[in-house]
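**Q** return a 3D structure for these sequence lines:
(2 chains)
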Number of protein chains: 2
Amino acid sequence: MRLLLISNSTNPGEPYLDYPKHEIKKFLGDKPINALFIPYAGITFSHDEYEEKVNNRFLDINHKVTSIHHFDNPIEAIENAEAIIVGGGNTWHMVKTLQDKGLMEVIKKKVESGTPYIGWSAGSNIACPTLKTTNDMPISEPKSFNTLNLVPFQINPHYLDAHPENHGGETREMRIEEFMVVNQNTYVVGLREGTMLLIENSKMKMIGNRTARIFKYGQDPIELSSKDDFTYLLSTK
Amino acid sequence: MRLLLISNSTNPGEPYLDYPKHEIKKFLGDKPINALFIPYAGITFSHDEYEEKVNNRFLDINHKVTSIHHFDNPIEAIENAEAIIVGGGNTWHMVKTLQDKGLMEVIKKKVESGTPYIGWSAGSNIACPTLKTTNDMPISEPKSFNTLNLVPFQINPHYLDAHPENHGGETREMRIEEFMVVNQNTYVVGLREGTMLLIENSKMKMIGNRTARIFKYGQDPIELSSKDDFTYLLSTK
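**A** Take a look at the predicted model:
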């Protein structure tokens, strides 16, 4: 399997999808690819607009995407895809849409057979066993919390340490601590913005200048950097 | 029906449940009450500890709570309750527990028959039709997103305007905008910390020094204060 799981599309103040584009280019290679794009996490803009936003950036790296909503037969579109790219937005709405259309298993099989997969934010979250570490508001009710299960651990995208001053709500770490009490066997990778996980040749590493925070029930959280080996997380659970 | 729906248990820097205690006392009255407490949203501490935390504060106002986990027959405990009090924590885990134990309908009937209901945070959220406006991480998968439906609108507890600097994740308002696109008929009350909604005699008002932000699809959000009438929200949808 080849996966590039990105925390966030865009760093504040930068153009859309700008910071990860060089890694996306390296991952997809030099030969121009027309990748299949899954836009279902986008809510407040159209699938066409989402596709265009992504293609504006992909122009810079000599690749393009075609959104799945253009295909009469989305299952066939997945089976024929050169690469699958899943954009961010609302995880719940995307998972419901993929489940309702019967596409979750089709994507899983296709990626497990070797087709490159790139996701950011919600698109990284659904590569995990479930959506139980999403930050998103549950605006749509999916049939199940189960997702692609391409990796055996959970990613919390946009992981952040900051907490608004004078706010009584839970910090991100407190939320993940609650997750661990109820899901004691599952590792969680708090993936800070500006970083991504690269999985290929049964190995995993992190790319980016910040550390990732690794959580497991009963253990102190640890911080791993791009110099550390993340591969052990692929054989957990 | 009589409901007191509180945004947050505790303002930062203050003792647990301190700021709303005077309103809770007014709501429950002078005669000492032993209210039934629902602790299921608490995750990282025991039901006994949660009960004790609440009772420490209720001592100040001459009332007490007994947690539902002490009763062999929780349905009977609800049916006999003088008042029902639902504490905050993780909404998902509480909703799953109430559904698994078959208690959701029992609480609804009891409160609709006139028994006072107090909730804070997750406890306010579940008074709404669904949990679709929770901020919590979906650490547990409930049978359904449907909750008590005691009011016809959604509350977003801990509503906040602040957003961590240099963070690319969605603001709270963006999350609620996504909710509205998918749930166009439902009003959302962004209930800021330090405020609460009081429903009695078929009227609703807000208590607290900050305004609430009212969202409806296709309309500009509006800010209402404790001087405004919130009653129209009870006949929406």
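**Q** strands of chain A, start to end?
**A** Taking DSSP state E to define them, one finds strands in chain A at A:3-6, A:34-38, A:64-67, A:84-86, A:117-120, A:154-159, A:188-192, A:196-200, A:203-207, A:212-215, A:222-224.
**Q** any idea which residue sits dead centre in chain A?
**A** Nearest to the mean C-alpha position of chain A, by C-alpha atoms, centre = their mean, lies A:S124 at 0.9 Å.
**Q** ok, it touching A:Q154?
**A** No. Applying C-beta atoms under 8 Å as the test, A:S124 and A:Q154 come out as separate, 10.3 Å apart. Quick note: C-beta positions are derived from backbone N, CA and C, even for glycine.
**Q** quick one: pLDDT of A:I155?
**A** On pLDDT, A:I155 comes in at 98.
**Q** can you tell me how far it is from A:E170?
**A** Separation of A:I155 from A:E170 (C-beta to C-beta, to the nearest Å): 19 Å.
**Q** tell me which of those two has more neighbours.
**A** Per other C-beta atoms under 10 Å in any protein chain shown, whichever of A:I155 and A:E170 has more neighbours is A:I155, with 25 against 20.
**Q** let me see the ranges of the helices in chain A.
**A** Per DSSP state H, chain A carries helices over the ranges A:21-28, A:47-58, A:74-79, A:91-100, A:104-112, A:122-125, A:172-182.
**Q** minimum distance to B:E177: which of the ones you listed has it?
**A** helix A:91-100 (12.7 Å; C-beta to C-beta).
**Q** which neighbouring elements make contact with the closest one?
**A** Contacts defined by 3 or more C-beta pairs under 8 Å, 6 or more residues apart in numbering or on different chains; DSSP states H and E place helix A:91-100 against helix A:104-112, helix A:122-125.
**Q** so how many other residues sit close to the nearest residue to A:L233 once chain neighbours are set aside?
**A** Leaving aside its chain neighbours, A:L233 sits nearest to A:F153 (5.1 Å; criterion: C-beta to C-beta, 6 or more residues apart in numbering or on different chains). Using other C-beta under 10 Å, A:F153 has 22 other residues around it.
**Q** equivalent analysis for A:N34, please.
**A** Neighbourhood size, A:N34 [other C-beta under 10 Å]: 13.
**Q** what sits against it?
**A** Applying C-beta atoms under 8 Å, 6 or more residues apart in numbering or on different chains to A:N34 gives the contacts A:63-66, A:82.
**Q** residues contacting A:T133?
**A** By C-beta under 8 Å, 6+ apart, the contact set of A:T133 is A:125, A:154-156, A:176, A:179, A:188, B:137.
**Q** rerun at 10 Å
**A** Neighbour list for A:T133: A:91, A:125, A:153-157, A:159, A:175-176, A:179, A:183, A:186, A:188-191, A:215, B:137-139 [criterion: C-beta atoms under 10 Å, 6 or more residues apart in numbering or on different chains].
**Q** and what of A:A212?
**A** For A:A212, the contact set (C-beta under 10 Å, 6+ apart) comprises A:7, A:155-156, A:159, A:189-192, A:195-197, A:206, A:222-226, A:228, A:230, A:233.
**Q** beta partners of it?
**A** Using DSSP bridges, the beta-bridge partners of A:A212 come out as A:L224.
**Q** buried residues in stretch A:77-95, which are they?
**A** Buried positions in stretch A:77-95, judged by neighbour count with 16 or more other C-beta atoms under 10 Å in any protein chain shown: A:77-78, A:81, A:83-95.
**Q** quick one, which residue of chain A lies the farthest from its center?
**A** Of all residues in chain A (C-alpha atoms, centre = their mean), A:N166 lies farthest out, 31.0 Å.
**Q** rewinding a little: wait, which of the buried residues of stretch A:77-95 is closest to A:R2?
**A** Comparing the buried residues of stretch A:77-95 against A:R2 with C-beta to C-beta picks out A:A83 as the nearest, at 8.9 Å.
**Q** how much space separates that closest one from A:I68?
**A** A:A83 sits 13 Å away from A:I68, going by C-beta to C-beta.
**Q** shared neighbours, those two?
**A** Shared contacts of A:A83 and A:I68 (C-beta under 10 Å, 6+ apart): A:36-37.
**Q** what subset of the contacts of A:N34 is buried?
**A** A:63, A:65-66.
**Q** what about chain A, any weak spots by pLDDT?
**A** For chain A, no stretch is flagged by pLDDT under 70.
**Q** neighbours around A:K110, how many?
**A** 19.
**Q** chain neighbours aside, what residue packs nearest to it?
**A** A:I78 (5.4 Å).
**Q** that neighbour contacts A:S113, correct?
**A** No. A:I78 lies out of contact with A:S113 (C-beta atoms under 10 Å); the separation is 11.1 Å.
**Q** mind listing the shared neighbours of these two?
**A** Counting by C-beta under 10 Å, 6+ apart, nothing touches both A:I78 and A:S113.
**Q** could I get the contacting residues of A:D220?
**A** Here A:D220 is in contact with A:I214 (criterion: C-beta under 10 Å, 6+ apart).
**Q** any idea how far it lies from A:P164?
**A** Taking C-beta to C-beta as the criterion, A:D220 is separated from A:P164 by 26 Å.
**Q** re the thing from before, could you say which of the helices and strands packed on helix A:91-100 is packed most deeply?
**A** helix A:122-125 (a mean of 29; mean count of other C-beta atoms under 10 Å in any protein chain shown).
**Q** could you confirm whether it reaches chain B?
**A** No. Applying C-beta under 10 Å from any C-beta of the partner chain, one finds helix A:122-125 out of contact with chain B, separated by at least 10.7 Å.
**Q** hmm, A:N11 is touching B:G169, no?
**A** No. With contacts counted by C-beta under 10 Å, A:N11 stays clear of B:G169, the gap being 11.6 Å.
**Q** quick one: which of these two has more around it?
**A** Set side by side, A:N11 and B:G169 show more neighbours around B:G169, with 21 against 16, by other C-beta under 10 Å.
**Q** skipping its backbone neighbours, what lies nearest the more buried one in space?
**A** Excluding the flanking residues, the one nearest B:G169 by C-beta to C-beta, 6+ apart is A:H158, at 4.1 Å.
**Q** the one you found and A:G88 touch, don't they?
**A** Yes. Counting by C-beta under 10 Å, A:H158 does reach A:G88; the two are 9.0 Å apart.
**Q** between these two, what contacts are shared?
**A** Common neighbours of A:H158 and A:G88, using C-beta under 10 Å, 6+ apart, are A:7-8, A:121, A:124-125, A:136, B:168-170.
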